[in-house]
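Visitor: Generate coordinates for the sequence data below:
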Amino acid sequence: MFRYNSPLVQVSLIGLICFCCPGMFNALTGMGGGGQVDPTAANNANTALYTTFAVFGILGGGIYNVLGPRLTLFAGCSTYVLYAGSFLYYNHYHHQAFAIIAGAILGIGAALLWAGQGAIMTSYPPPSRKGTYISLFWSIFNLGSVIGGFILFILNYNRTEAVSVNDATYIALMCFMSAGTLLTLSILPPSSVVRNDGSRPTNVKYSSTYTEAIEILKLFFNWKMILIIPSAWASNFFHTYQFNNVNKLMFNLRTRGLNNVCYWVAEMLGSIVIGYVLDFSFKSRRMRGFVGSGIVALVGTAIWGGGFVNQLNYSYADLPEQLDFKNSGNDYAGPFVLYFSYGLLDAMFQSTVFWVMGALADDSMTLSRYSGFYRGWQSAGAAVAWQLDARKTSLLRQVVVNWSQMTVAYPLLILLILLAVKDEDGKVDVEAAVTTLKPSSPPEREEGFGKVEESMKPL
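Guide: I've put the predicted structure just below:
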């Protein structure tokens, strides 16, 4: 039965919001260089973006717990429009300053959005179906990148030479981002969401700035979060290399648009496949985690091995002739399959990490902090990656660094599953501190977290 306050509807809504905002951002970034011939402005803007994201990403979970979902998500999404507009401006004036400032502001906004998204995606669903809901979100979110990629592909189809994307491309993306910003007002606070069994995704009455500051500091000494750091650092690091040094260097403009579409389709497929493994492959939740992580490790090793072999064919000093999907024949097939596989691996890896985090707790306040901590470290890695590319670090060295980081992350993720994920669905190790956050006479707020009643019935 359809219920607006059900986890299914609310996770679908956050998927649509990310469809419109980061989905369109990903479509633009996937073109390489923000759609510009010279990637310098985009590299510097993204460095600023992920630097502020790294700081506010760690704080984002606490901000979400204080402000609630609507205000947090609305503030976050509004910054995406500014970022796309800065490249529209750059198309005409070629001044980097606006793009860099917009990137820094987007870093703050994206931190707020992804902290809220992580809390909703991992805490609203029932414990036994978190992998399925993560797959649902990832599919809707990446469908935005697919459609955004189609927009870029269609609007730039006849532009095969080395040119920047046209104004209409940026304007179309800004329209989607504006719609996503308005859609944030449809999200319900955790206290209003009711699962089919009558339970709710929070058991906390109220939070404060002081409480959140203390709880966020504790994360740096939480052994579970320490084991998550390598996965977080690696999970966005490889995007710079894939977008700028595979898609942008190996293919012409319209082919990059087509590749972009296929990359995000691969993300959707990867999330569906790994989501099934993580929820349905075995009765034991820990076994599902072991199998899912093992599959990702094997697939990832094979794909990065292929990437290493591909990178031996060109360098900055010996750039390849750009391929066209219509005119390059069989020469296009191999690099295309590699790029498609990169998208597949991205979704499988990140879905698995979020599944593991979702298994560590079940209430939205704890998971919002976990998600913010993960996004903060993820963005710190991305900031370093964009600057390495801006400094023209050897392409082969970039491949080796990416492959090595992923290889380190796999066993630590499996160790975390071994030590912290319980077999019994729903009986996870929740941070004890969460239950203590109950100051007297908390103010009533529409966006705040209401008290969960002892007897809960579906609305």
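Visitor: what's the neighbour count on Thr40?
Guide: Using other CB atoms under 10 Å, Thr40 is surrounded by 12 other residues. (Each C-beta comes from the backbone N, C-alpha and C, glycine too.)
Visitor: and it, what does it touch?
Guide: Contact analysis of Thr40 by CB atoms under 8 Å, 6 or more residues apart in numbering lists 96, 390.
Visitor: Let me know the pLDDT of Pro443.
Guide: pLDDT recorded at Pro443 is 41.
Visitor: Only the buried residues of the longest helix belonging to the chain, if you could.
Guide: Counting residues, the longest helix in the chain under DSSP state H turns out to be helix 330-360. Using 16 or more other CB atoms under 10 Å as the test for burial, helix 330-360 gives 332, 335-336, 338-360.
Visitor: where does this structure have low pLDDT?
Guide: By pLDDT under 70, the low-scoring segments of the chain are 1, 31-38, 159-164, 202-207, 424-459.
Visitor: go with 80
Guide: Across the chain, the ranges flagged by pLDDT under 80 are 1-2, 30-40, 127-128, 152, 155-166, 199-209, 362-364, 423-459.
Visitor: Let me see the ranges of the helices in the stretch 251-400 of the chain.
Guide: For the stretch 251-400 of the chain, the helices defined by DSSP state H, counting those that start in this stretch occupy 253-280, 285-311, 330-360, 364-390, 395-420.
Visitor: Report the angle between the longest one and helix 253-280.
Guide: By that I understand helix 330-360. Interaxial angle of helix 330-360 relative to helix 253-280 (axes from the mean of the first three to the mean of the last three CA atoms, to 10 degrees): 40 degrees.
Visitor: Show me what helix 330-360 is packed against.
Guide: helix 96-123, helix 130-155, helix 223-240, helix 253-280, helix 285-311, helix 364-390, helix 395-420 (3 or more CB pairs under 8 Å, 6 or more residues apart in numbering; DSSP states H and E).
Visitor: Turn those into TSV, columns for distance to Ser78 and mean neighbour count.
Guide: TSV is the format used below for the helices and strands packed on helix 330-360 (distance: least, CB to CB, whole Å; neighbours: other CB atoms under 10 Å):
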stretch	distance to Ser78	mean neighbour count
helix 96-123	7	26
helix 130-155	17	24
helix 223-240	22	21
helix 253-280	23	23
helix 285-311	34	18
helix 364-390	18	25
helix 395-420	32	18
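Visitor: So which of those is nearest Asn327?
Guide: Closest to Asn327 of the helices and strands packed on helix 330-360, according to CB to CB: helix 253-280, at 9.4 Å.
Visitor: now the angle from the closest one to helix 285-311?
Guide: Computed by the same axes, to 10 degrees, the angle separating helix 253-280 from helix 285-311 equals 160 degrees.
Visitor: Okay, angle between helix 253-280 and helix 130-155 too, please.
Guide: Helix 253-280 runs at 170 degrees relative to helix 130-155, counting by the same axes, to 10 degrees.
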